[in-house]
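1. Sequence below, structure please.
(chains A, B, C and D)
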Protein chains: 2
Amino acid sequence: MVRSTGIPELTERRKEILKLVIQEYVHTAQPVPSEVLVQKYGLPVSPATVRNELAALEELGLLTHPHTSAGRVPTDRGYRCFVEQLMEWTPLPSEERRTIRHQFFQVRTQMEEWARLGAATLARLSRTAAIVSPPRAPYCCFKHLELLSVYDTRVLLVIVLQDGTIRQHMLTLNEVVPQEELSRTSNRLNERLAGLSASEIAGLPQEGWTPLEREVTELLLATMQQRDRWEWEEVAMDGVLEALSQPEFAEIERARQFLEILEQGYLLLELLNEAMRRSGVQVIIGAESQREQMRDYSLVVSRYGLAGRMEGVLGILGPTRMPYPRSISAVHFVAHVMNDLLGQLPE
Amino acid sequence: MVRSTGIPELTERRKEILKLVIQEYVHTAQPVPSEVLVQKYGLPVSPATVRNELAALEELGLLTHPHTSAGRVPTDRGYRCFVEQLMEWTPLPSEERRTIRHQFFQVRTQMEEWARLGAATLARLSRTAAIVSPPRAPYCCFKHLELLSVYDTRVLLVIVLQDGTIRQHMLTLNEVVPQEELSRTSNRLNERLAGLSASEIAGLPQEGWTPLEREVTELLLATMQQRDRWEWEEVAMDGVLEALSQPEFAEIERARQFLEILEQGYLLLELLNEAMRRSGVQVIIGAESQREQMRDYSLVVSRYGLAGRMEGVLGILGPTRMPYPRSISAVHFVAHVMNDLLGQLPE
DNA sequence: GTTAGCACTCTTCCGTTGAGAGTGCTAACA
DNA sequence: TGTTAGCACTCTCAACGGAAGAGTGCTAAC
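-> Alright, predicted model coming up:
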């Protein structure tokens, strides 16, 4: 019997051995020899038997070995099999859960802190690089704007969208306009535009509008459209240094490649956007991402929030050799906590 | 004659040789042998003579060599001497200046873009890590707040300070309050508090205020006090990968130390704060910073903005082996451009 | 199906060696 | 006195070789 993912059914003993190889390799970062499996984990068979099984697992594409006299190393498929069938769920200690919930509770009023705390928490739990996008509404309507006279002809335009996005623009007017007039203008615009989407605003007839009203509406539209593109800069990131202490980054070139993925972001943005379409924790192992640059790295991601209303995505990035049970429960838990935060905040 | 900085006066020939050693070393990252100086730069003396001079410069503490049969390498003092006395000013090509000015012009209305563009520009010009703090007023007064009903008892509080800082808080009230009542509350608070500093607000008597007014004032105060601490997170950073391609980061441990300095930030914050107190471009070479972690790195920084009204700081961080003339003109120029941006924006 | 035994392969470490790079010193020279 | 050629000396670095060790794969026996 073959599963939908193309992972072969294994005998119990092979499952056990594969699991041990992965656990050991994740722990030591060294190819795992047959003798260690017998001695350290007390398998009730001889190393020779284990070697036969290892050879069979290699035949199935779940393990490799770097050279003749080296131990076994898991392949992407091996990890996949582990994640789907063999892994034991390791929930976070309830003590730790409480601490984390408390930390989130403390910043519950400061939305701009959520992503940052999420990334920090995730990085600490997973000991690798963590990324958390701030929550936002996918189709976001205008909520409120404010024109503030700053000095002379300089005016600050503050735009608030319905998901809490705030943007500010500095305008230079042709003539000095008193604050009262600015307030009247913003009130008029608020009455006309509040609750409308970008396309609705774009479709409004502008007869009888003042030049200032038109200019502000123009900027408002530009802001709303710009917001619709995800910006890598607003994604919170943490634990990069933590990740770099892994032995896979012993050569600087590897470290640079890893940092490049994180700094450029477009590649991760693509993968995160794909992940947004599904629910639950998703694991993308090495070459499974179909991205050459990601060949040696795995991504554990989850969407969070209220679908279609206010959502974000979070995850961790590390070498394919990562403690998947821990990573998955970390991502799962933080997504859960952030879900709760958002659940308290209906649109 | 000895300068105030403790740099010895040198003969013309020694100046020339020191300059050449530094230029060559900055370029190749290899210890510079006497023969290269003669052959490549056509010094009108023999290698033996150059060796005598090199030995003298080493005696003065301006050069070292890593081992007996290696060429010379500049010391921190050597670089200091170079920066203060020997360096030739290399202005940016006017073509490039125009391009950069144009880029800044395009984001002139979006203050939150300034630091990011500044960092990107600086990184590109200097080919190393760049940091730019967003501009802010050192003693900042309250400008405006707005309470927006979000849903049920959830209310969004938007705070605008006089330097353009914007913070948002999500409140949960005990009872549902209609938007009109919220608007009246924010208007009352705006009338009472606009233009006041944190300490002035803290000193106001609150008799007769509603609980909501007190709560909002509380949050406002917390926000203003929090703003007074510089937050490393708001500092824009760029060019980190660029920096890591330098040969000094061939060993991963070096790279990690460097990234640690940039990620933690507190050390740089200290140095930047010191730099804020002086004007003009400042160069801090290696151990001059008195910080062990900074021993192998140099910082070229400049304050920008309007002293006491709206200011920020920017700079670059790289190995002590850096092209100081280029770095200094880059920092100088970007500070200048950002000065101009702010000059158009009196408080 | 399991296992002991063993040959085989490949890596890794270590000591050696030799070449090469550059200096520092000395003695001669202008 | 400053400059220079010559040369010995030191130190690094790459290459080499060999030995030890790790672990496998295979075979034959149980």
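2. Every contact and neighbour count from this point should use C-alpha atoms.
-> Will do.
3. Write out the residues of the stretch 1-150 of chain A neighbouring DNA strand C.
-> Counting by Cα under 7 Å from any atom of the strand, the residues of the stretch 1-150 of chain A close to DNA strand C are A:44-49, A:52, A:67-69.
4. Looking at these, which are in helices?
-> Using DSSP state H, A:47-49, A:52 are the members of these that sit in helices.
5. Most widely separated two among these?
-> Maximum pairwise distance among those (Cα to Cα): 8.7 Å, between A:P47 and A:N52.
6. Give me the nearest residue to the residue of the stretch 201-347 of chain A found nearest chain B, chain neighbours excluded.
-> Residue nearest to chain B within the stretch 201-347 of chain A (Cα to the nearest Cα): A:I252, separated by 5.3 Å. Distance criterion Cα to Cα, 6 or more residues apart in numbering or on different chains; nearest residue to A:I252, sequence neighbours excluded, is B:I252 at 5.3 Å.
7. That neighbour: neighbour count?
-> 21 (other Cα atoms under 10 Å in any protein chain shown).
8. One more: the one 5 residues further on?
-> Using other Cα under 10 Å, B:Q257 has 15 neighbouring residues.
9. Then the one 4 residues further on?
-> Per other Cα under 10 Å, the neighbour tally for B:I261 reads 15.
10. so where's the stretch 101-250 of chain A shaky on pLDDT?
-> A:150-151 (pLDDT under 70).
11. Please name the residues that touch A:R256.
-> B:241, B:244 (Cα atoms under 8 Å, 6 or more residues apart in numbering or on different chains).
12. in what helix or strand does it lie?
-> Using DSSP states H and E, A:R256 falls within helix A:252-264.
13. Centre of the chain to that helix, how far?
-> Chain-centre distance of helix A:252-264: 17 Å, with Cα atoms, centre = their mean, to the nearest Å.
14. Could you list the buried residues of the helix or strand just after it?
-> The helix or strand immediately downstream of helix A:252-264 is helix A:266-276, counting by DSSP H and E. Buried residues in helix A:266-276, counting neighbours by 16 or more other Cα atoms under 10 Å in any protein chain shown, are found at A:267-269, A:271-272, A:275-276.
15. Ok, stretch A:304-317 next?
-> Those would be A:304-306, A:310-317, for stretch A:304-317 by 16+ other Cα under 10 Å.
16. same thing with stretch A:242-253?
-> If you call a residue buried by 16+ other Cα under 10 Å, then stretch A:242-253 has these buried ones: A:242-246, A:248-249, A:252.
17. which one of these is nearest DNA strand C?
-> A:E248 (13.5 Å; Cα to the nearest atom of the strand).
18. I figured the closest one was touching A:Q257, is that so?
-> No - counting by Cα atoms under 8 Å, A:E248 stays clear of A:Q257, with 11.5 Å between them.
19. quick one, strands of the stretch 101-250 of chain A?
-> Applying DSSP state E, counting those that start in this stretch to the stretch 101-250 of chain A gives strands spanning A:129-132, A:142-151, A:154-161, A:166-172, A:236-238.
20. Would you quantify the distance from A:L157 to DNA strand C?
-> 61 Å (Cα to the nearest atom of the strand, to the nearest Å).
21. which parts of the stretch 101-250 of chain A sit against chain B?
-> A:108-112, A:150-151, A:154, A:156, A:164, A:168-171, A:241, A:244, A:249-250 (Cα under 8 Å from any Cα of the partner chain).
22. Of the residues you listed, which qualify as buried by neighbour count?
-> Buried members of these, counted by 16+ other Cα under 10 Å: A:108-112, A:150, A:154, A:156, A:164, A:168-171, A:241, A:244, A:249.
23. Now the stretch 201-347 of chain A against DNA strand D: closest residue?
-> Counting by Cα to the nearest atom of the strand, the stretch 201-347 of chain A gets nearest to DNA strand D through A:E251 (16.5 Å).
24. list the contacts for that residue?
-> A:E251 neighbours (Cα under 8 Å, 6+ apart): B:250-252.
25. who does it bridge with?
-> In this entry, A:E251 is beta-bridged to B:E251, by DSSP bridges.
26. Now A:L43: closest residue in space that isn't a chain neighbour?
-> A:L37 (6.7 Å).
27. burial count for that neighbour?
-> Number of residues near A:L37 (other Cα under 10 Å) recorded here: 19.
28. Tell me if I'm right that it and A:K19 touch.
-> No - between A:L37 and A:K19 there is no contact under Cα under 8 Å: 10.4 Å.
29. Show the model's pLDDT score for the residue nearest to A:I252.
-> For B:I252, the pLDDT comes out at 87.
30. and if you look at the one 3 residues further on?
-> As summarised for this prediction, B:A255 has a pLDDT of 92.
31. wait, what's in contact with it?
-> Going by Cα under 8 Å, 6+ apart, B:A255 touches A:252, B:244, B:249.
32. Spatially nearest residue to the second one (excluding sequence neighbours)?
-> In space, and not counting its chain neighbours, B:L244 is closest to B:A255: 6.6 Å by Cα to Cα, 6+ apart.
33. Roughly how far does that neighbour sit from B:E242?
-> 12 Å (Cα to Cα, to the nearest Å).
34. Also A:N174?
-> As judged by Cα to Cα, A:N174 and B:E242 stand 43 Å apart.
35. need the contact list for A:R116.
-> A:132, A:236-238.
36. possible to save the residues you listed as CSV with neighbour count?
-> Listed next are those as CSV, based on neighbours: other Cα atoms under 10 Å in any protein chain shown:
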residue, neighbour count
A:V132, 29
A:A236, 22
A:M237, 25
A:D238, 24
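37. can those go into a markdown table with extra columns for distance to A:L63?
-> Output for the contacts of A:R116, formatted as a markdown table (distance: Cα to Cα, whole Å):
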| residue | distance to A:L63 |
| --- | --- |
| A:V132 | 32 |
| A:A236 | 35 |
| A:M237 | 32 |
| A:D238 | 32 |
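38. from these, which is closest to B:G343?
-> For the contacts of A:R116, the nearest to B:G343 is A:A236 (31.9 Å; Cα to Cα).
39. Could you give the bridge partners of the closest one?
-> Going by DSSP bridges, A:A236 is paired in beta bridges with A:V132.
40. Surely it and A:P135 touch.
-> No - using Cα under 8 Å as the test, A:A236 is too far from A:P135 to be in contact (11.2 Å).
41. Overlap of the contact sets of those two?
-> With Cα under 8 Å, 6+ apart as the test, A:A236 and A:P135 both reach A:A115.
42. quick one: contacts for the closest residue to A:L259 other than its chain neighbours?
-> Using Cα to Cα, 6+ apart and skipping the chain neighbours, the partner closest in space to A:L259 is B:L241 (7.1 Å). With contacts defined as Cα under 8 Å, 6+ apart, B:L241 is in contact with A:256, A:259-260, B:128-129.
43. and the gap between the residue of the stretch 201-347 of chain A closest to chain B and A:H27?
-> 22 Å.
44. swap in A:Q179?
-> 65 Å.
45. With A:L272 instead?
-> Taking Cα to Cα, one finds A:L272 at 28 Å from A:H27.
46. got the residue ranges for the helices in chain A?
-> Counting by DSSP H, the helices of chain A are A:12-28, A:34-41, A:47-59, A:76-81, A:94-106, A:111-126, A:179-193, A:198-203, A:211-228, A:240-244, A:252-264, A:266-276, A:324-343.
47. mind checking which of the ones you listed is nearest B:A56?
-> Taking those one by one with Cα to Cα, helix A:252-264 is closest: 37.4 Å.
48. Need the CA coordinates for that closest one. CSV is fine.
-> Provided in CSV are the C-alpha atoms of helix A:252-264 (Å, rounded to 0.1, in the frame of the first residue of the first chain):
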residue,chain,number,x,y,z
ILE,A,252,30.1,31.0,5.6
GLU,A,253,28.7,30.4,2.1
ARG,A,254,25.9,28.4,3.5
ALA,A,255,25.2,31.1,6.1
ARG,A,256,25.1,33.7,3.3
GLN,A,257,22.6,31.7,1.3
PHE,A,258,20.4,31.3,4.3
LEU,A,259,20.5,35.0,5.1
GLU,A,260,19.8,35.8,1.5
ILE,A,261,16.6,33.8,1.6
LEU,A,262,15.6,35.7,4.7
GLU,A,263,16.7,39.1,3.5
GLN,A,264,15.2,39.0,0.0
